[in-house]
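*Asks:* okay, predicted coordinates and the sequence, questions at the end:
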Amino acid sequence: MEQLRCNFCHEPTDREHAYISDLNPRRLGVICHHCLDALMITHERRPAGPGAAAMGAPAVVPRKLAQHTGAALPEPIHPQRLLEVLNQKVAGQHHAKEALAVAVATHLQRLHNPDLKVNPHLFLVGPTGVGKTHMIKVAAQYLGLPYVIAGATSLTAAGYVGDDVETLLARLFARAEGNIKKAEMGIVFLDEADKLARKSGRQRAEGRDVGGEAVQQALLKLVEGTEAPIPHNLSGPSGSREYSGVTMNTSRLLWVFAGAFEGIEELVKERLGVYERSIGFGASAQAPEPRALYPQITHDDLVEYGIIPELIGRIGNLGILEPLGRDDLLHILNGTGEPLIKSYLELARSFQVEVELPRTTLEFLAEQALELGTGARALHTLLSKAFRPILARQKPGSKVVVTPQMLRGLL
Ligand SMILES: Nc1ncnc2c1ncn2[C@@H]1O[C@H](COP(=O)(O)OP(=O)(O)O)[C@@H](O)[C@H]1O
Ligand SMILES: [Mg+2]
């Protein structure tokens, strides 16, 4: 008879001392009792399932034991408190910060009271580099919730080569240090969700939409809540994947979708225009600025853009992000968010160079960044450009005051 080996440590084991899963029809899942202990999963016997009977295996299923794996429920938090935290670390973005604070506070309430029939999930709409990813990190880190950040464009539906949605959960599981209970309370942040927009009817008929809509459907299943098997070898196509036998219940995760949704203002305009015409104001209405339309974005516009209605129907909150203004960028330079300047000054100091950036220089940097149009990302770019020659050329023990004139030459 074939020697069983543990999928984790690859040591030989026997049926009496292992957890054996037949959930994956392609491959028997085996975990030896040492690894089981390590995974903090206890097991109990159940009546043999059909697959197990066929293989003559005594079927054993994992039961996530609250006593051992029980990650303590994070304390509920008042949205106002979370908003205060976000205000300290995220410049501007009042609308989105409020939406996020409510979403996360609702998520925590729902963990404590599973009967709450509210959808905490969130859609963030806004241009690049203005704090979508940043604010999720701030909230998750403050609350000690495990989180995973993924670009939707890297996802494929299961069966296609590339990361599929299961991989996301495996990464979340890893972030929760293998504590499945903790992982199940986590946050999944899916960036570039606009790139999943389904194609127009014609493109779909031509079969060119394997990425977008199929991935949305796969995500919908997870958002609705399912028991998803967690793969533990993440490389290679999903067909060759080994499963750890651990499943994650996805019904309590918090989902945050984000994207720039370029051109969505046209859809808003159309919708509002139709409305205005129908009540007779169409002719007199002035053409609004595209950005001015963003606060008016609704779930319907996202559906019109190509997000499937079932998925949108599951998302309770919508947060709109604005492009960062000069003052926001200045706030960020002055330390709201990541300690950008401080890090560069520290770096210089570690090379024995004392650098001073007067206020006028910071203002100049903020104005330059504004022109680049990539939000706060531009600050990273400009600072690394500005500091490179300083770090490379200044003698140890020297001191530099960086003026706007100097920067003009450098940038
Ligand atoms: N509103 C903001 N407040 C503070 N820092 C920000 C803000 N927006 C962006 N940043 C900084 O810029 C970097 C890139 O922002 P990010 O959140 O990744 O942008 P995106 O909106 O594209 O997800 C972050 O790491 C953060 O340092
Ligand atoms: Mg981002």
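*Replies:* Structure's in. What do you need? Ligands and ions are numbered 1, 2, ... in the order given.
*Asks:* what does the protein put close to ligand 2?
*Replies:* The chain has residues Lys132, Thr133, Asp191 near ligand 2, with proximity defined as CB under 5 Å from the ion. Any C-beta I mention is one placed from the backbone N, CA and C, and that applies to glycine too.
*Asks:* so which of those is the most crowded?
*Replies:* Lys132 (26 neighbours; other CB atoms under 10 Å).
*Asks:* state the mean pLDDT of the strand or helix carrying Leu272.
*Replies:* Here Leu272, judged by DSSP states H and E, is contained in helix 264-278. In this model, helix 264-278 has a mean pLDDT of 75.
*Asks:* ok, Met185 - contacts?
*Replies:* Met185 makes contacts with Ala71, Leu73, Pro74, Leu111, Leu145, Pro146, Arg252, Leu253, as judged by CB atoms under 8 Å, 6 or more residues apart in numbering.
*Asks:* who does the closest residue to Tyr294 other than its chain neighbours bridge with?
*Replies:* Spatial nearest neighbour of Tyr294, chain neighbours left out: Ile320 (5.1 Å); criterion: CB to CB, 6 or more residues apart in numbering. Ile320 forms beta bridges with Val125, as assigned by DSSP bridges.
*Asks:* of all the contacts of Met185, which two lie farthest apart?
*Replies:* Maximum pairwise distance among the contacts of Met185 (CB to CB): 14.4 Å, between Leu73 and Leu253.
*Asks:* around ligand 1, which positions in this protein sit nearby?
*Replies:* Counting by CB under 6 Å from any ligand atom, the residues of the chain close to ligand 1 are 90-93, 128-134, 324, 332, 336-338, 375-377.
*Asks:* out of the residues you listed, which are inside helices?
*Replies:* Among the residues of the chain next to ligand 1, the members falling in helices are Lys132, Thr133, His134, Ile332, Arg377 (criterion: DSSP state H).
*Asks:* next, the residue lying closest to the first one once chain neighbours are set aside: phi, psi?
*Replies:* The reference is to Lys132. Nearest residue to Lys132, sequence neighbours excluded (CB to CB, 6+ apart): Ala258, at 4.4 Å. Backbone torsions of Ala258, given as degrees, to the nearest 10, read phi -140, psi 150.
*Asks:* find the closest residue to ligand 2 in this structure.
*Replies:* Evaluated by CB to the ion, the chain has Thr133 as its residue closest to ligand 2, separated by 3.3 Å.
*Asks:* my guess is that residue meets Asp191, correct?
*Replies:* Yes: assessed by CB atoms under 8 Å, Thr133 is found in contact with Asp191 at 6.3 Å.
*Asks:* for stretch 333-351, the distance to its chain's centre please.
*Replies:* How far stretch 333-351 lies from its chain's middle: 26 Å, per CA atoms, centre = their mean, to the nearest Å.
*Asks:* give the buried residues for it.
*Replies:* Within stretch 333-351, the residues that qualify as buried by neighbour count (16 or more other CB atoms under 10 Å) are Leu333, Asn334, Thr336, Gly337, Glu338, Leu340, Ile341, Tyr344, Leu345, Ala348.
*Asks:* check which helix or strand Phe123 maps to.
*Replies:* Going by DSSP H and E, Phe123 is part of strand 122-125.
*Asks:* Leu73 and Leu253: who's more crowded?
*Replies:* The neighbour count for Leu73 versus Leu253, taken as other CB under 10 Å, is higher for Leu253 (26 against 12).
*Asks:* right, and that one touches Lys182 too?
*Replies:* No: assessed by CB under 8 Å, Leu253 is found out of contact with Lys182, at 11.5 Å.
*Asks:* how close does Gly409 sit to Pro396?
*Replies:* Computed as CB to CB, to the nearest Å, the Gly409 to Pro396 distance reads 23 Å.
*Asks:* likewise for Leu73?
*Replies:* Applying CB to CB, the value for Leu73 to Pro396 is 52 Å.
*Asks:* circling back: now list whatever residues contact both of Thr133 and Asp191.
*Replies:* Ile149, Ala258.
*Asks:* picking up where we left off before, which of the residues of the chain next to ligand 2 lies closest to Leu222?
*Replies:* Nearest to Leu222 among the residues of the chain next to ligand 2: Asp191, at 16.3 Å, using CB to CB.
*Asks:* tell me what Thr13 is bridged to.
*Replies:* Beta-bridge partners, per DSSP bridges, of Thr13: Leu4.
*Asks:* mind checking pLDDT for it?
*Replies:* pLDDT for Thr13: 82.
*Asks:* show me where pLDDT drops low in the stretch 151-300 of the chain?
*Replies:* 156-163, 199-211, 232-242, 274-291 (pLDDT under 70).
*Asks:* outline the domain layout of the protein.
*Replies:* 4-63, 79-261+297-320, 326-410 (automatic domain parsing).
*Asks:* please identify the deepest-packed of those.
*Replies:* Between the domains of the chain, domain 79-261+297-320 has the highest mean count of neighbours, a mean of 19, where neighbours are mean count of other CB atoms under 10 Å.
*Asks:* may I have the phi/psi pair for the residue most central in space within the chain?
*Replies:* For the chain, the residue nearest the mean C-alpha position is Phe189 (1.6 Å; CA atoms, centre = their mean). The phi/psi pair for Phe189 (degrees, to the nearest 10) reads phi -110, psi 120.
*Asks:* surely it touches Thr133?
*Replies:* Yes: contact criterion CB under 8 Å: Phe189 and Thr133 qualify, at 6.8 Å.
*Asks:* in the stretch 51-200 of the chain, which spans are strands?
*Replies:* The residue ranges that make up the strands of the stretch 51-200 of the chain, judged by DSSP state E, counting those that start in this stretch, are 60-63, 122-125, 147-151, 155-156, 163-164, 187-191.
*Asks:* among the ones you listed, which comes closest to Ala140?
*Replies:* In terms of CB to CB, the element of the strands of the stretch 51-200 of the chain nearest to Ala140 is strand 147-151, at 4.0 Å.
*Asks:* give me the common contacts of Phe189 and Thr133.
*Replies:* Ile149, Ala258.
*Asks:* still on that earlier bit, in helices only, show me the contacts of Met185.
*Replies:* Per DSSP H, the contacts of Met185 map to helices at Leu111.
*Asks:* minimum pLDDT in the contacts of Met185, which residue is that?
*Replies:* Among the contacts of Met185, pLDDT bottoms out at Ala71, giving 72.
*Asks:* look up the closest residue to it, ignoring the ones flanking it.
*Replies:* Lys182 (3.5 Å).
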